[in-house]
Every structure is written in structure tokens, then in C-alpha cells.
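**Student:** any chance you could fold what I've pasted below:
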Amino acid sequence: MANKPQWELLAEAFVNHYYSVFDTDRTQLAALYREVSMLTFEGNACMGASAITEKLVSLPFQKVRHQVVTCDAQPVLPESLNGVLVFVNGDLTVDDSNQPIKFAQVFHLLPDQGNPGMFWVYNDLFRLNYG
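**Tutor:** Next up, the predicted model:
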């Protein structure tokens, strides 16, 4: 099997980190966003790290567990930005439910110019997949 491209490795590492933080302490997600970041969660948009974190923390469940089923990635032009587009499909289990809900999430990641090797979320789109 051929080696994975760098952007796929980065996407997998980011997704593992993001959902690990989300599932343990959503307040810590603020570090992954900036004031120009935008989240559209189930059709409702908010902008900025504090507004995004407030939205995620206010979600009506105590416990959550994300299980990634697929994670696809592509480099984003212009290549000079070294951005990565990430598309995730998975299962979401909340509180004590034994019925996971399908979800899809897209991240547009950009490198943190002040911290080489680190990325932040420029765009984040999330939808539950009912049906």
C-alpha cells in the first residue's frame, strides 16, 4: 500500500484530536478556532472562537462520543496556504442512548502561522443525518 499524502495524515490527526477534546471537555475547543472562524451547526451559523465554543458547550447533552467512520481530505488552493479540507462521516452517541445518530462534518483547516505544524479551523459545517 502506498504512503498516505501529508494532508490525509494531518486530517486524521486533527479529527482524532478534535473529537477527543469534544468528547471530554468542549470548553477546550476554543483553542482550535479564531475570531474569523465560522461554524454552521444544523443550519445555524455563528462566527468567532467564543461564539462557536458557546454554541458547542450549550448543546443539550452531558455525555457525548463520536465514532469516525470515514475521514476524507484534500489540499486546498492556493497551495501557498497549505490548507486542508476534511470531510467526516460518523456515529454520535449522546448521554446514555444506545442508538447512535449518523453525522457529517466538514472542516477547512489552515496552518497557524505562529506555530509551525499546528492548524486551526477556518470553516466548520455540521449536520445530523436522520432517516
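
**Student:** now do the strands in this structure.
**Tutor:** Using DSSP state E, the strands found in the chain span residues 33-41, 44-47, 64-76, 83-94, 101-111, 119-129.

**Student:** who are the packing partners of the last one?
**Tutor:** Other elements packing on strand 119-129 under the criterion 3 or more CB pairs under 8 Å, 6 or more residues apart in numbering; DSSP states H and E are strand 33-41, strand 83-94, strand 101-111. Yep, even glycine has a C-beta here, placed from its N, CA and C like the rest.

**Student:** just checking, V21 touches L29?
**Tutor:** Yes. Using CB atoms under 8 Å, V21 is in contact with L29, at 5.7 Å.

**Student:** need the contact list for the residue nearest to M118 when sequence neighbours are not counted.
**Tutor:** With sequence-adjacent residues excluded and distances taken as CB to CB, 6 or more residues apart in numbering, M118 is closest to D112, at 4.2 Å. By CB atoms under 8 Å, 6 or more residues apart in numbering, the residues touching D112 are 118-120.

**Student:** picking that back up, who has more neighbours out of V21 and L29?
**Tutor:** L29 (18 against 15; other CB atoms under 10 Å).

**Student:** quick check, pLDDT for that one.
**Tutor:** For L29, the pLDDT comes out at 96.

**Student:** quick one on the thing from earlier: let's have the contacts of D112 in CSV, adding pLDDT and neighbour count.
**Tutor:** Below are the contacts of D112 laid out as CSV (pLDDT from 0 to 100; neighbours: other CB atoms under 10 Å):
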residue, pLDDT, neighbour count
M118, 88, 13
F119, 93, 21
W120, 96, 19
